[in-house]
Structure formats: C-alpha cells, structure tokens
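Trainee: Mind looking at a prediction? Sequence and model below.
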Amino acid sequence: MTAILYPVAANVEAALQAPLARTAREREAQAAAGQAVVFVTEPLGPPYASREAALDAHAGRVEDERPGRSVSPAAEDRYCRLAEIIDGRPPPPVAPAMADGRRWPAPKPAPRTVWRLQVSYWRLASAAKAAEGPQARDARRKAREPLDYQALRDLARTPMRPVKPQQPLDIGLFETRPPEAPHIIMPDE
C-alpha cells in the first residue's frame, strides 16, 4: 500500500498550489523544508451548500463516487477531503424535562450545515500561528460584552500557556520527610 504524500508548505494555499515538497513522514518533511514542521489539517475555500457543489468545485482532488462522475485520486494524493460542518452557531444543549412520560423533549431540527475542503499538510514551524492576545480566562473576564462563539472557539484552540514556569518536584507523590530528619525522604503508604 502506498503512503499518502502530504505537501510541505507555509500555509494551506501554498500546500495546494506550490508545495516545497511532498512527503509521507515528518523527518522527510523536515529534511525537505530545512526546519521543523507541524502536521495540520485546515479548511480551504468557501463553504458549499451541498456536497455535490463541493465535489464539482474540487473535482479531481477528492474521491467522487457519483454515477457517471466517478473519480478516485491516486493513493498518494489523498491529502484532501470534504467535511460537513455546522454553519453558524451550534445549537445549545437540551435540558432533560419530564413531560408526558418522556425524559427528553422532542428533538429540534438539525442545524444547517455546509461543506468545506479540508487539506492535511506539513506546515513550516516558522510559519506556525503564534498565540496572540491574553489567555482565555483573562479575555473572558475582561470582555465588556459576552464573546461570540467564533471568538470562544478561537480562544479554545489556542495552545495553553503557563502563568508561571512550573517548579520541579523535589519529592515523589508517595514520599514524605520525617520531622526529626528533614534531610531524609521516606516512602509513605
């Protein structure tokens, strides 16, 4: 079986149009790029209302099993896929309610979804998105008005940063120092 050859590029647009190289493994991608790389999957292009419209727009890049239009990219070219995502704000969770002998209320209609092209590639570490702005807890506290769902999602996807560097542990979890000899570490059960 042939491995998928993922593009090596600085961003998702360059991954489709002009990648530096195409490799299957991280060390090969690092050698081709001459620097560290990070494997990512990012959306590209506009959202499409139907799967058929997305398949027509990205013909040849993704597998199409429709009769008469059957297209199957080579095994090494399967780094693109179509994904169905919720358009707009996701619905709030439903609270349980005992009514008419039923625990849950009648389900609401499913939210509207759109189709987007997802591209997996090796992104250059120097081009990686830096975490900007305050930490999530500070941003939510200091916001004058509630944050919209996209801002909250962006905050949730930023890497966690420590408030201060973690101090090294001097003893283990099940070890104690006896009061009469604090220079000795004893196991504790």
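Mentor: Okay, I see it.
Trainee: what residue ranges in the protein score low on pLDDT?
Mentor: Counting by pLDDT under 70, the chain shows low-confidence ranges at 1-2, 128-135, 137, 163, 168-170.
Trainee: spatially speaking, which residue is in the middle of the protein?
Mentor: Closest residue to the average C-alpha location of the chain: T41 at 6.8 Å, with C-alpha atoms, centre = their mean.
Trainee: Can you name the residues that contact that one?
Mentor: Neighbouring residues of T41 by C-beta atoms under 8 Å, 6 or more residues apart in numbering: 118-121. The way it works is simple: take the backbone N, C-alpha and C, and place the C-beta from them, glycine included.
Trainee: ok, 7 Å please
Mentor: Contact analysis of T41 by C-beta atoms under 7 Å, 6 or more residues apart in numbering lists 118-120.
Trainee: Make JSON lines out of those residues and add neighbour count, secondary structure and distance to V37.
Mentor: Formatted as JSON lines, these follow (neighbours: other C-beta atoms under 10 Å; DSSP: H, G, I helix; E, B strand; the rest coil; distance: C-beta to C-beta, whole Å):
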{"residue": "Q118", "neighbour count": "17", "secondary structure": "strand", "distance to V37": "18"}
{"residue": "V119", "neighbour count": "22", "secondary structure": "strand", "distance to V37": "15"}
{"residue": "S120", "neighbour count": "17", "secondary structure": "strand", "distance to V37": "12"}
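Trainee: Can you tell me which of those residues is nearest M98?
Mentor: When the contacts of T41 are compared for distance to M98 (C-beta to C-beta), Q118 wins out at 41.2 Å.
Trainee: Residues in a beta bridge with the closest one, which ones?
Mentor: Counting by DSSP bridges, Q118 is bridged to P43, R81.
Trainee: Alright, I will stop here.
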